[in-house]
Structure formats: C-alpha cells, structure tokens
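Participant: any chance you can model this:
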Amino acid sequence: MRTNAATRPRSARHARPPATGRAILRPTPATFGAADARPRWSRSQPSVLLRLEGAAVAALAAFLYARSGEPWLLFAALFLAPDVAMLGYLGGDRFGARLYNLAHTFVGPLALGAYGVWDDAPLSLALAVPVALVWCAHIGVDRLFGWGLKYPDGFRDNHLRRV
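Facilitator: Residues are numbered from 1 along each chain as shown. Prediction:
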C-alpha cells in the first residue's frame, strides 16, 4: 500500500534526514511530505543562521564602506565582480565549482583587507580595503539569499540549498 504525508504517522513525516553528509541535499519522501511546500533542509536552523550571518556581514561591510568615504559608484561597479567566477563552469562543473568557491569564501577578502590595513603604502590602503569590503558585502548578500558554496556535481547544488 502506498502512503503519503497525510497517512504516515507524525513521527515519520517529521523524521530527521539521515546523517550521511550529502543525503540532506537530495530530499526524499521520507524527509518531506506532500503537505510541505519546501524540503526540511531549506528551513532548518543552520540554514537560517547562515542566512542571518550573511545579512550581518553584508550590513557591516556596507556600513564600513560608507564610513570609508569611498564613492558608491565604486561599490556598485565592483559588487557583482565575484560572480565573474561563474565563467569557470565553461571549463566543467568541477573546475567551475572550485573557481566559484575561491571567489565566494571570506578568505580572499579578509586577506586583502588585512593587507590593506597592515601595509604602509597609502595606495594599497586606498584600494585594498574598499575592494575587500565590497567583496565581503557580495558574499554576505549571496549567503542571505541562499546562494552558497557550490558542490562539484553542478551549479545548482550548494551548501545552503538546491537552487
């Protein structure tokens, strides 16, 4: 006999997905029922926390950028620059995911910002810190909207949700 979400016991409808790494990204009828509009993993607490973290990073980066006195035109011009890394997918899914993830982790902008703060040359401070702040704001907005780091099996799989 075939069962659906309404006929399964409540404990089966709301059972936790198996703790097998990527299984949570491939929802099955056991992880969500017909009554649920979204899979369980898209509304989980870690996903919400990561999105809030992205919002906080984006807001802080925009605030610090505003305090820096740099023109907002530069912010607008550089905001989508990290997404140029999507062109890596022309070289295949694995290469594209690596290049995209390299441009969408906080390691790059934090290193660039640290260089700009600790280097004595005024030109590096004038360029490195604002670029790092725009880069952080971009990553924060991406995380806020659920566009996370990519898995190598395709552009649609990321660490926050399946797009």
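
Participant: going forward, measure contacts and count neighbours with C-alpha atoms only.
Facilitator: Will do.

Participant: quick one: mean pLDDT over stretch 140-147.
Facilitator: Averaged across stretch 140-147, pLDDT comes to 91.

Participant: ignore what I typed, I meant stretch 66-76.
Facilitator: Across stretch 66-76, pLDDT averages out at 94.

Participant: end-to-end on that stretch?
Facilitator: Here the two ends of stretch 66-76 are set 12 Å apart, with distance taken as Cα to Cα, to the nearest Å.

Participant: next one: stretch 81-89
Facilitator: For stretch 81-89, the first-to-last residue distance is 16 Å (Cα to Cα).

Participant: list the buried residues in it.
Facilitator: Within stretch 81-89, the residues scored as buried using 16 or more other Cα atoms under 10 Å are Pro82, Ala85, Met86, Gly88, Tyr89.

Participant: go on, stretch 111-131?
Facilitator: Residues of stretch 111-131 classed as buried: Leu112, Gly113, Tyr115, Gly116, Val117, Ser124, Leu125, Ala128, Val129, Pro130, Val131 (neighbour count, 16+ other Cα under 10 Å).

Participant: export those residues to JSON lines and tack on distance to Gly146, secondary structure and pLDDT?
Facilitator: Shown next, in JSON lines, are the buried residues of stretch 111-131 (distance: Cα to Cα, whole Å; DSSP: H, G, I helix; E, B strand; the rest coil; pLDDT from 0 to 100):
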{"residue": "Leu112", "distance to Gly146": "25", "secondary structure": "helix", "pLDDT": "92"}
{"residue": "Gly113", "distance to Gly146": "25", "secondary structure": "helix", "pLDDT": "92"}
{"residue": "Tyr115", "distance to Gly146": "29", "secondary structure": "helix", "pLDDT": "87"}
{"residue": "Gly116", "distance to Gly146": "29", "secondary structure": "helix", "pLDDT": "87"}
{"residue": "Val117", "distance to Gly146": "30", "secondary structure": "helix", "pLDDT": "85"}
{"residue": "Ser124", "distance to Gly146": "32", "secondary structure": "helix", "pLDDT": "62"}
{"residue": "Leu125", "distance to Gly146": "31", "secondary structure": "helix", "pLDDT": "64"}
{"residue": "Ala128", "distance to Gly146": "27", "secondary structure": "helix", "pLDDT": "91"}
{"residue": "Val129", "distance to Gly146": "26", "secondary structure": "helix", "pLDDT": "92"}
{"residue": "Pro130", "distance to Gly146": "24", "secondary structure": "helix", "pLDDT": "94"}
{"residue": "Val131", "distance to Gly146": "23", "secondary structure": "helix", "pLDDT": "95"}
